[in-house]
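> Structural data only, the sequence is not supplied:
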């Protein structure tokens, strides 16, 4: 049984912005970022408990090739993605996006 992954609107925008930024730096790099994001989201659907807690009940998973993390919560049979942030940014705004 897999979990349904729900990507918030903010998270989708953050992924899109990162794709566009990397693509502007080198053709094909944005596509590589997109594929890595897709793979991580797929992994979350299979085993979200594998990933470590960060703050409150949020968990995080780091991109293998990029300085980004996905912040999410497990809610029953869903994985809700609240943010996709560059590791150089302060993730505290993400923790305010979700109602406890």
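Nice, I can see it. Only a predicted model underlies this, so the values are computations on that prediction, with no experimental measurement involved.
> And stretch 78-88, what's buried?
79, 80, 81, 82, 83, 84, 85 (16 or more other Cβ atoms under 10 Å). The C-beta positions use only the backbone N, C-alpha and C, and glycine is treated the same way.
> Identify those among these that sit within strands.
Among these, DSSP state E puts 79, 80, 81, 82, 83, 84, 85 in strands.
> any idea which of those residues is the one closest to residue 50?
Closest approach between these and residue 50, by Cβ to Cβ: residue 79, at 11.4 Å.
> Pull up the distance across stretch 21-35, start to finish.
15 Å (Cα to Cα, to the nearest Å).
> ok, which stretches of this protein are strands?
Under DSSP E, the chain gives strands at 4-7, 59-62, 68-75, 78-86.
> quick one: the second one to chain centroid distance?
Read that as strand 59-62. Centroid separation for strand 59-62 versus its chain: 7 Å, with Cα atoms, centre = their mean, to the nearest Å.
> Check what pLDDT the closest residue to residue 21 other than its chain neighbours gets.
Of all residues not flanking residue 21 in the chain, residue 30 sits nearest, at 7.5 Å (Cβ to Cβ, 6 or more residues apart in numbering). For residue 30, the model assigns a pLDDT of 97.
> From residue 51, how far out is residue 30?
Computed as Cβ to Cβ, to the nearest Å, the residue 30 to residue 51 distance reads 24 Å.
> How about the contacts made by the residue sitting nearest the centre point of the chain?
Note on the chain: the residue nearest the mean C-alpha position is residue 70, at 2.5 Å, using Cα atoms, centre = their mean. Residue 70 makes contacts with 11, 37, 40, 41, 44, 60, 61, 63, 81, 83, 84, as judged by Cβ atoms under 8 Å, 6 or more residues apart in numbering.
> I'm done for today, thanks for sticking with me.
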